[in-house]
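J.: Okay, structure incoming, though there's no sequence with it:
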């Protein structure tokens, strides 16, 4: 027994459960504290969703498993206000925009905060807000929590559009093992919605293998190890993909009032980047690869530890103190040839050179935080205050290989050493459980140091206030209003490249209501407005612009009978430029729609369980959008602009419990994505500024899992 305990302590020093979530909701009593502190919503029925003073969606574990989701990209398609341009089909480089912002340019998902177990996953959480490496795989995810309005001041910058918290699988109370395999068969380009006579069933194959083992060893120690391998081909010709994701987790419960959690993750990926096609090549075969030299790869090593202390009695005075430390060392490389920006006149001919665009990011962050509840009769108060200190070390290097001579030239060799300090405070006042008001403030100090031939410094600070108001006239009806100010700090390309250290400030307003009826119905309706000032829209404008996005979101969950769950949503987004002109030009752009924003978006998903069989369906519709700032409708000769088509994608899945005995279970499923082989494309995503970039066509996935 002593040997076992020593072994567990040793493992616990290096592995533990993902860091504590940054959301803080209704605290539990100390005696009831579990592995994950505080209330964390698991579905639309959770109390934290009912009482949240803002727009919020939880993609539950059941929705993830049973509604034909191949990747995190696919799952996020069913969230109102979130638009995802899936051009890989594998989930390795998601392109996510929030409420009208973030779709422009290369679409690097920089207008909403994205977390893994409460920890930022960006290479540089302040100065490199892009998902050039996305250290998450679908099978390791338990659920996804999306806050689109009313994000707390504790989150930091980049919250004006929303916050996505991807939550990994927890350490179970009893030891569990799982072996799972998914195989996806990608269809060929038939050129028509339905399969032609003589067409083969599938073309490329993608394999997704998942292994998990872990649980509580005794009342104090728990560990878990996960491994996820994704390999094979994406939906494009000659598109090899390889992903490895290893996650070690653990927990040490010192006593009911204190615990320590840690995690260590190693993630690596390689993915071909076929990029865009000319219009004529797209019409011939939209899945062909005319850019065999282009690919992306990267490695992420992440570690974190969280200490939690629960004090007092939250029915009187009590709460939680946490201290978090997290670090990561990430590298990413985009390899592109000299033809990457071409789409006409021999864009598929032999390139003259190939360039590796490599970056390395090392961050270290510490965050102490106190969440304290005070209750006196009909008056309740919930106080949250904390701090963050984070350092970023970033290295750039571009190496060009001239193919004729194989002489390599190094360009863009520079580095940044930045640090950031933040203090935040919010205080929720609740009267009679009817009226709540939560003012908050965050103060940030940003300290930049750039090494590029010479050393340059910049020190700036910013205040970000917020306020949430909730009114609950009856138990099941909540009205809410929230305001927050957020910002995008200067990014690496601005600080190091153009020398223009632009801050983008955003003011976000949201108002709406949520009605909840037992466990059968939940309805949310809200209006949002986001005002952006000094915003850079990538290649569309050399000078910053002002923009405004406003819209309406409607979302409903309906479960008329126990085994039937339906979810539907609609978003209207009016995202326009409010600046009169750009680049000193005479053409007015005021009132033009922001690029890559579909004004109308429908989402639908549902599950029906009959005995041991579950039928699932999901669907999403995007209306047409523009790919340039001038809202050019017809495709231009250089194919850099033109209206993007509407699309409506349907997916379906049937799942079955094949065998069950005690704690052992074998499950299987068959899923078809893009059932009607909807043909649509993007433009200017990733490293392809011109041409048509095809979206995934029809695919068939077979899945088998053994739990024991």
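T.: Structure received. Since we're looking at a predicted model, the values are computed, not measured.

J.: How many residues are close by residue 574?
T.: Residue 574 has 15 neighbours, counted by other CB atoms under 10 Å. (Each C-beta comes from the backbone N, C-alpha and C, glycine too.)

J.: now do the one 5 residues further on
T.: The local packing count at residue 579 equals 18, with neighbours defined by other CB under 10 Å.

J.: Next up, the contacts around the residue most central in space within the chain.
T.: Per CA atoms, centre = their mean, the C-alpha nearest to the average position across the chain is that of residue 114, at 4.6 Å. Residue 114 makes contacts with 96, 120-122, 131, 163-164, 166, as judged by CB atoms under 8 Å, 6 or more residues apart in numbering.

J.: Kindly reformat those residues as TSV containing pLDDT and secondary structure.
T.: Rendered in TSV, the data for those read as follows (pLDDT from 0 to 100; DSSP: H, G, I helix; E, B strand; the rest coil):
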residue	pLDDT	secondary structure
96	91	strand
120	92	strand
121	93	coil
122	92	coil
131	86	coil
163	92	strand
164	94	strand
166	96	strand
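
J.: Next, format these as TSV and append neighbour count.
T.: Output for the contacts of residue 114, formatted as TSV (neighbours: other CB atoms under 10 Å):
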residue	neighbour count
96	26
120	23
121	22
122	26
131	21
163	24
164	26
166	25
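
J.: follow-up on the earlier one: what about the residue nearest to the centre of the chain, distance to residue 446?
T.: As judged by CB to CB, to the nearest Å, residue 114 and residue 446 stand 20 Å apart.

J.: what does residue 674 give?
T.: 43 Å.

J.: Check residue 511 too.
T.: 31 Å.

J.: on that earlier part again, so which of the contacts of residue 114 comes closest to residue 73?
T.: Using CB to CB, residue 96 comes nearest to residue 73 of those, at 8.1 Å.

J.: Leaving out sequence neighbours, find the closest residue to the closest one.
T.: Of all residues not flanking residue 96 in the chain, residue 109 sits nearest, at 4.2 Å (CB to CB, 6 or more residues apart in numbering).

J.: do you know how far the one you found is from residue 381?
T.: Residue 109 is 36 Å from residue 381, by CB to CB.

J.: more neighbours, the two?
T.: residue 109 (25 against 14).

J.: quick one: contacts for the more buried one?
T.: So residue 109 contacts 94-97, 102, 129-131 (CB under 8 Å, 6+ apart).

J.: rerun at 7 Å
T.: For residue 109, the contacting residues are 94-96, 102, 130-131, by CB atoms under 7 Å, 6 or more residues apart in numbering.

J.: now residue 156
T.: 388, 422.

J.: switch to 8 Å and redo it
T.: Neighbours of residue 156 in contact, by CB under 8 Å, 6+ apart: 113, 120, 125-126, 388, 422, 442, 444.

J.: ok, back up a step: columns distance to residue 549 on top of the contacts of residue 109, output as a markdown table?
T.: Shown next, in a markdown table, are the contacts of residue 109 (distance: CB to CB, whole Å):
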| residue | distance to residue 549 |
| --- | --- |
| 94 | 20 |
| 95 | 17 |
| 96 | 15 |
| 102 | 10 |
| 130 | 20 |
| 131 | 21 |
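
J.: quick revisit: closest one of the contacts of residue 114 to residue 339?
T.: Nearest to residue 339 among the contacts of residue 114 is residue 131, at 24.9 Å by CB to CB.

J.: Excluding chain neighbours, what is closest to the closest one?
T.: Closest to residue 131 by CB to CB, 6+ apart is residue 109, at 4.6 Å.

J.: for that neighbour, helix, strand, or coil?
T.: coil (DSSP: H, G, I helix; E, B strand; the rest coil).
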